[in-house]
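quick one: sequence plus predicted model below, questions after.
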Amino acid sequence: MRRILVGFLCLAMLPFMGRSFAQDTESRAEIIQFLAENVDAVLRAGEKPKAWLVIFGPRAEYPIVKADEKAVTVMVQGNAYPAPWSKIENTELLGIAKSVANGKGERLLVAVEVALALGLPDEANRLLAMAREADPALEKKINHLASEVLKAAPLTEAPKPKPAAPEKPPAAPGKTATASASPAAPPASSSTASAAPLPVTGNVIQVGPTRPCKTIASGVAKANAGSTVVVDPGTYNECLKVRGAGTAVAPIRILGVSGPNGERPLIDGSGVVLSGVGPTPRALMQVEGEHVIVENLEFKNARNGNNGAGIRLNGSTFATVRNCKITYCDMGIQGGDKETALIERSEVAFNGTKDYDGYSHNFYMVGNAVVLRECYVHDSLFGQNYKSRAHYNELWYNYICDSEEGEIGLIDDKETEQPNSNGVLVGNVVVSKVRGGNRNASKYIDFGTDTGKKHDGTLYCFHNTFIAGTPRITFVSLSTPDVKAVLTNNVFWGSDKIAAGKGTDIKGTNNLFDAGGNPPGGVTNSVKVGDAGWADLAKRDFHLRPGSACINAGAPADQLVYMDGKGQKFTAVADRQPLPPLNDEPRAKNGAPDAGAYELSDGSAKTASR
């Protein structure tokens, strides 16, 4: 590791040399020594590394001022405090390495080595993606490290878990329960609860051109509770139904193994019949079972004339789609879950068909509940980016943009006649483009009804950044008198039409509008400015500059109360922020919250702007 460390210490672009390390005490001690030396080096070079720590209270980001073999010293409310290395978690050690890397390609590769040494291969993969974007010239080194990351997560057998009754999921990070009498809500919010992949244990079924199971369908047919179907890199020209039953503690997992350039295994629908007749599904993968996880796969070219989907949830129970890519299908993800469908860290884009113009979407959901978080949903070709008739929807930290028919539509079905058919949007960036002709020129977020059924619910929008591509946009349309809206700590930019429609019960506080914004009467403490103070509006970089009008403009967290689909109250905690296209980052906590999806991380700059 010493040769790699010199690359950080000298801040140079040295020839890369990979190596594997044991995940033990000696390796951790070596990493700590490395970090101490390199933090000191970058401080002396005038850089300002930071640490994301929990030992001083709620997890927050702190400027580093010193590091030695015993502790890293950080500034906490203007005072220097040493944080002993022994008290710092492995994920926090990696955070320091990432801060030292400072977005520089060669240094990011060193951070990949640190992630591997700490036993964090999923984080290593994310760092590789960042390095590839930062410096494409490092492709050969990145490919070499990608193979090391793959080796770092071996497919090992483990004792098969005993089947257990599904448990009700607890409240997840990012939401705080304010009442406990009702059942816990669907999981939501922070990637700290979901980013790392589950270990590959139990019954491992390997699929690939050189395996006994040549098709994914044949591997899935052998899977039961606790099985992991591991799919080798390659292209699979097939479709399948997943009908097996996993459990909360022993799910059925279908996991793609990335290729040497980071590509996911591809399920290609070219020439595949998706009629929905008899045993034939209407999707490349149709999930009908319980506790099924679909992870790290790509889906493309699902066509049947109107609703051939990449993934279809056909009465599934607690289905999860993670780190997948779905493009150029009639529908991206379609269908519904009997309990809660979770889709996270996935790209769903360029779906739709002119044969079903206006009715084919990137997402078209039904069922009980959907949680969408940390996804990149964009360029729906003939419909909306996210359309749902589900009873309850939560959208956290997504980047949603550039549809042809509207960005988000939460509308009616028989499930929305139930009380608390609510929608919750927290920490999203939503951007519309200038659409061709008069194509739904004003459509942006539609909450209510489009078929005349009842919709009994409230739309809660907290800490979102809403950008209109044209002044014709109406940000929030409440299309039935039954629905309500709560708008707090958002930014509305590019149109003066904030809300319209038959629903008039709109409340909220501490939103920021451009100079022409026309907030509803029930929305108080509004701020109107000519410049929001983003890093680069033209490039869609909505991070805040020092002095931004968004800084400290938000209301405190006790104003961010919402009800889930079961009527239980929660307080939304915005602790992440989008880092497009498919990453996110911790949201800092410095003073009063900032308006919109981003928080200025430099506490001193915030103080100066008050």
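In hand now; what should we look at? Please read all numbers here as calculations on a predicted model, not as lab measurements.

what helix or strand is Phe466 located in?
Here Phe466 sits within strand 465-467, counting by DSSP states H and E.

for that strand, the distance to its chain's centre please.
On the basis of C-alpha atoms, centre = their mean, to the nearest Å, strand 465-467 sits 17 Å off its chain's mean C-alpha point.

please compute how far the longest helix anywhere in the chain lies from its chain's middle.
If you go by DSSP state H, the chain has its longest helix at helix 25-44. In this view, helix 25-44 has its centroid 31 Å away from the chain centroid, taken as C-alpha atoms, centre = their mean.

who are the packing partners of the very next helix or strand once past the strand holding Phe466?
Remark: after strand 465-467, the chain's next helix or strand is strand 474-478, criterion DSSP H and E. Helices and strands touching strand 474-478, by 3 or more C-beta pairs under 8 Å, 6 or more residues apart in numbering; DSSP states H and E, are strand 445-447, strand 458-462, strand 484-488, strand 497-501. C-beta coordinates here come from the backbone N, C-alpha and C atoms, glycine included.

out of those, nearest to Val287?
Val287 lies closest, by C-beta to C-beta, to one member of those: strand 445-447, at 27.0 Å.

on that earlier part again, what helices and strands are in contact with the longest helix of the chain?
Helix 25-44 sits against helix 2-9, strand 60-67, strand 71-76, helix 90-101, helix 105-117, with contacts defined as 3+ C-beta pairs under 8 Å, 6+ apart.

can we see that at 7 Å?
Helix 25-44 sits against helix 2-9, strand 60-67, helix 90-101, helix 105-117, with contacts defined as 3 or more C-beta pairs under 7 Å, 6 or more residues apart in numbering; DSSP states H and E.

how about the strands in the stretch 101-250 of the chain?
175-177, 204-207, 228-231, 235-236, 240-242 (DSSP state E, counting those that start in this stretch).

pipe those into TSV and attach distance to Leu372 per row.
What follows is the strands of the stretch 101-250 of the chain, written out as TSV (distance: least, C-beta to C-beta, whole Å):
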stretch	distance to Leu372
strand 175-177	15
strand 204-207	28
strand 228-231	24
strand 235-236	26
strand 240-242	20
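
out of the ones you listed, deepest packed?
strand 228-231 (a mean of 24; mean count of other C-beta atoms under 10 Å).

so what touches that one?
Strand 228-231 is contacted from outside by 155, 200, 202, 204-208, 216, 219-220, 223, 253-257, 265, 297, using C-beta atoms under 7 Å, 6 or more residues apart in numbering.

just put the strands of the stretch 101-250 of the chain in JSON lines and tack on mean pLDDT and distance to Lys443.
Formatted as JSON lines, the strands of the stretch 101-250 of the chain follow (pLDDT from 0 to 100; distance: least, C-beta to C-beta, whole Å):
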{"stretch": "strand 175-177", "mean pLDDT": "53", "distance to Lys443": "29"}
{"stretch": "strand 204-207", "mean pLDDT": "96", "distance to Lys443": "42"}
{"stretch": "strand 228-231", "mean pLDDT": "96", "distance to Lys443": "38"}
{"stretch": "strand 235-236", "mean pLDDT": "98", "distance to Lys443": "37"}
{"stretch": "strand 240-242", "mean pLDDT": "98", "distance to Lys443": "34"}
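
of all those, which lies closest to Gly494?
Judging the strands of the stretch 101-250 of the chain by C-beta to C-beta, what sits closest to Gly494 is strand 175-177, at 29.5 Å.

before we move on, what's the pLDDT of Val6?
What the model reports as pLDDT for Val6 is 37.

make that Phe21, sorry
37.

who wins for proximity to Ala468 among the helices and strands packed on strand 474-478?
Proximity to Ala468 (C-beta to C-beta) singles out strand 497-501 among the helices and strands packed on strand 474-478, at 8.2 Å.

elements contacting the closest one?
Where contact means 3+ C-beta pairs under 7 Å, 6+ apart, strand 497-501 is packed against strand 474-478.

and the angle for the strand it packs on with strand 497-501?
Orientation check (axes from the mean of the first three to the mean of the last three C-alpha atoms, to 10 degrees): strand 474-478 against strand 497-501 gives 20 degrees.

export strand 474-478 as CSV, just CAs?
Presented in CSV, the C-alpha positions along strand 474-478 are these (Å, rounded to 0.1, in the frame of the first residue of the first chain):
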residue,chain,number,x,y,z
THR,A,474,-47.8,24.9,-13.6
PHE,A,475,-45.7,23.3,-10.9
VAL,A,476,-48.6,21.6,-8.9
SER,A,477,-52.0,20.8,-10.4
LEU,A,478,-54.6,19.6,-7.9
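
any idea how far that strand is from the middle of the chain?
24 Å.

which residue is nearest the centroid of the protein?
The structure's the chain has its C-alpha centroid closest to Glu374; by C-alpha atoms, centre = their mean the separation is 1.1 Å.

contacts only, for that residue.
So Glu374 contacts Ser191, Glu344, Arg345, Tyr397, Asn398, Asp584 (C-beta under 7 Å, 6+ apart).

relative to Asp584, how far out is Ala41?
Using C-beta to C-beta, to the nearest Å, Ala41 is found at 28 Å from Asp584.

alright, that wraps it up for me.
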